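Trainee: This is a predicted model, with the sequence first.
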Amino acid sequence: MKIARVWATPLNLPVTVQAARGSKTTSLSVCLVSIETDTGLVGTGMTAITEEEVIGSIVNDIAAHHLEGLDPLRHEQIWERLYWLLTPRGQSGYASHAIAAIDLALWDIKGQALGQPCWRLLGGARDEVPVYATFGFAFFDRDELAAAAKAWVSRGFTRLKMTVGHHALARRDEPRPLDVVIAEDVQRIRAVREAVGPDVQIYIDANCSLDYFHALKLAKQVEPFDISFFEEPVTHNDIPNLQKLRAKTSIPLAAGQNEGLATRFRDLLVAQAVDVVQPNACISGGFTQCGRIAGMAAAFNTRFANGGAWPHHNMHLHAGLANGSLVEYHSVAVQCCELVFDDLPKPERGVLRLPEAPGLGFRPNPERLAELARRPGSRGAGKA
């Protein structure tokens with residue numbers, strides 16, 4: 001079996017989120033990568049939280065020409081070839097996204113060819129994974145946030161994540177003082193805790209939007225609300241600052257969803273900078289590299305979980321590997337996937353059951369995909 005064709009489909013997807021006082025609209029970009037073999041099998045991978053047009057160009061104009069004629073089952077050989085093609089001097093960023101999407105498509109083909117779901121091929125540690133619902137976004141006011149939290153709990157979710165920081169560093173020249181931002185975050189977290197009670201786990205995510213001083217100040221003020229982890233608290237995932245912060249707060253720290261190089265995870269682990277490493281299969285080099293990162297986490301006895309959304313791909317990783325754990329059920333990202341794919345499993349009582357269908361177990365809907373592909377690109381505005 002040989003790779004016959006490789007192509008990318010950049011998408012900028014519209015999303016509407018219901019709130020207590022109306023609805024909010026946003027968009028999120030993804031890039032699908034499809035690989036067709038000379039036997040007729042087609043595997044599909046994807047990446048996101050990036051510029052979809054750039055990934056499309058990397059795949060269509062560069063990577064595709066180097067993949068045609070290769071054996072799609074030799075994922076280690078192809079991963080290594082892509083690394084030296086796209087990141088020969090340690091670059092990360094867009095290259096890691098492109099490699100991740102290609103790698104996922106190859107694993108989808110492998111599963112179809114062998115008649116097994118990806119999670120079994122990755123190790124088959126379990127057939128279901130616990131999920132946490134990312135529901136709490138900056139466009140909700142406090143009352144809407146509390147109402148949304150209650151609604152998710154009523155649907156059987158006992159683990160909830162909300163954003164904090166809200167691009168504070170990027171927007172500090174508006175002016176928008178960071179002290180004001182985190183003071184409001186404290187009240188928002190208080191409102192959610194009061195709404196859901198003591199038995200629901202709450203996670204917070206700053207999306208790398210705070211400096212060390214304000215991340216520490218926020219952490220200290222919200223420790224009484226029993227936060228399960230604080231994700232990407234500081235800009236750049238700055239390892240020395242993560243080290244300092246971890247030493248001064250009782251809240252566990254998490255990071256890694258947007259890291260592209262395995263050495264970055266090694267450095268986080270060696271420095272004991274985080275309590276949870278969060279490689280994302282759609283970003284951090286696909287299942288192939290995320291498996292290596294999971295092995296490092298196991299060697300350091302550090303928790304390995306999913307951050308950065310895209311649960312239907314990451315569930316295979318966390319069901320396959322013995323140290324797999326939480327998968328992020330990001331409400332906006334899930335809506336995007338539902339626009340594109342058929343046969344996506346839905347969680348019940350906070351748990352996603354893995355499909356038995358071969359490969360990833362779900363496929364793009366060709367009619368909807370063709371219609372969505374006609375939408376204009378995001379031009380950098382598709383990261384919600």
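Mentor: Here it is on my side, so go on. Numbers count the residues shown, from 1 in each chain.
Trainee: just for the stretch 151-300 of the chain, where's the confidence low?
Mentor: Along the stretch 151-300 of the chain, segments meeting pLDDT under 70 are nowhere present.
Trainee: That one: helices as residue ranges?
Mentor: 178-196, 212-222, 239-248, 262-270, 286-299 (DSSP state H, counting those that start in this stretch).
Trainee: tell me the angle of the last one relative to helix 262-270?
Mentor: For helix 286-299 against helix 262-270, the angle between stretch directions is 20 degrees (axes from the mean of the first three to the mean of the last three Cα atoms, to 10 degrees).
Trainee: Alpha carbons only: can I get helix 286-299 in PDB?
Mentor: Extracted C-alpha coordinates of helix 286-299, given in PDB (Å, rounded to 0.1, in the frame of the first residue of the first chain):
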ATOM      1  CA  GLY A 286       0.100  13.700  16.400                       C
ATOM      2  CA  PHE A 287      -0.300  10.400  18.200                       C
ATOM      3  CA  THR A 288       3.300   9.500  17.300                       C
ATOM      4  CA  GLN A 289       5.000  12.300  19.300                       C
ATOM      5  CA  CYS A 290       2.400  12.500  22.000                       C
ATOM      6  CA  GLY A 291       3.000   8.800  22.800                       C
ATOM      7  CA  ARG A 292       6.700   9.700  23.400                       C
ATOM      8  CA  ILE A 293       5.700  12.600  25.600                       C
ATOM      9  CA  ALA A 294       3.400  10.400  27.600                       C
ATOM     10  CA  GLY A 295       6.300   8.100  28.200                       C
ATOM     11  CA  MET A 296       8.300  10.900  29.600                       C
ATOM     12  CA  ALA A 297       5.500  11.900  31.900                       C
ATOM     13  CA  ALA A 298       5.200   8.300  33.100                       C
ATOM     14  CA  ALA A 299       8.900   8.200  33.900                       C
END
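Trainee: Which elements pack onto it?
Mentor: Helix 286-299 sits against helix 75-86, helix 94-114, helix 262-270, strand 276-277, strand 303-304, helix 311-320, with contacts defined as 3 or more Cβ pairs under 8 Å, 6 or more residues apart in numbering; DSSP states H and E. From N, CA and C alone the C-beta is placed, and that goes for glycine too.
Trainee: and what of the third one?
Mentor: For helix 239-248, the helices and strands in contact under the criterion 3+ Cβ pairs under 8 Å, 6+ apart are helix 212-222, strand 253-255, helix 262-270.
Trainee: Nearest to Glu231, out of those?
Mentor: Proximity to Glu231 (Cβ to Cβ) singles out strand 253-255 among the helices and strands packed on helix 239-248, at 4.4 Å.
Trainee: The residue most central in space within the chain: what's it in contact with?
Mentor: The centre of the chain sits closest to Gly308, judged by Cα atoms, centre = their mean, with a distance of 2.3 Å. Under the criterion of Cβ atoms under 8 Å, 6 or more residues apart in numbering, the neighbours of Gly308 are 49, 257-258, 278, 280, 282-283, 328.
Trainee: again, only this time at 10 Å
Mentor: 48-49, 134, 205, 207, 231-232, 256-259, 278-284, 314, 328, 330, 333 (Cβ atoms under 10 Å, 6 or more residues apart in numbering).
Trainee: Please apply the same query to Asp205.
Mentor: 134, 136, 161-165, 229-233, 254, 257, 307-308, 328.
Trainee: got the buried residues for stretch 138-153?
Mentor: 138, 140, 144-150, 152-153 (16 or more other Cβ atoms under 10 Å).
Trainee: Which ones among the contacts of Gly308 map onto strands?
Mentor: 48, 134, 205, 231, 328, 330 (DSSP state E).
Trainee: The first one touches Ser27, doesn't it?
Mentor: Looking back up the chat, that one is Ala48. No - with contact defined as Cβ atoms under 10 Å, Ala48 and Ser27 do not form a contacting pair (11.6 Å).
Trainee: Comparing those two, which residue is more hemmed in?
Mentor: More crowded of Ala48 and Ser27, by other Cβ atoms under 10 Å: Ala48, with 29 against 17.
Trainee: so what's that one closest to, chain neighbours aside?
Mentor: Val30 (4.3 Å; Cβ to Cβ, 6 or more residues apart in numbering).
Trainee: Counting neighbours, what do you get for the one you found?
Mentor: Neighbour count for Val30, taken as other Cβ under 10 Å: 26.
Trainee: Just give me the neighbour total for the closest residue to Glu232 other than its chain neighbours.
Mentor: Leaving aside its chain neighbours, Glu232 sits nearest to Cys208 (4.7 Å; criterion: Cβ to Cβ, 6+ apart). By other Cβ under 10 Å, 21 other residues sit near Cys208.
Trainee: Then Leu339?
Mentor: Leu339: 19 neighbours (other Cβ under 10 Å).
Trainee: distance of it from Tyr94?
Mentor: 23 Å (Cβ to Cβ, to the nearest Å).
Trainee: go on, Arg155?
Mentor: From Arg155 to Tyr94 the distance is 36 Å (Cβ to Cβ).
Trainee: who has more neighbours, those two?
Mentor: Using other Cβ under 10 Å as the criterion, Arg155 and Tyr94 rank with Tyr94 on top: 18 against 13.
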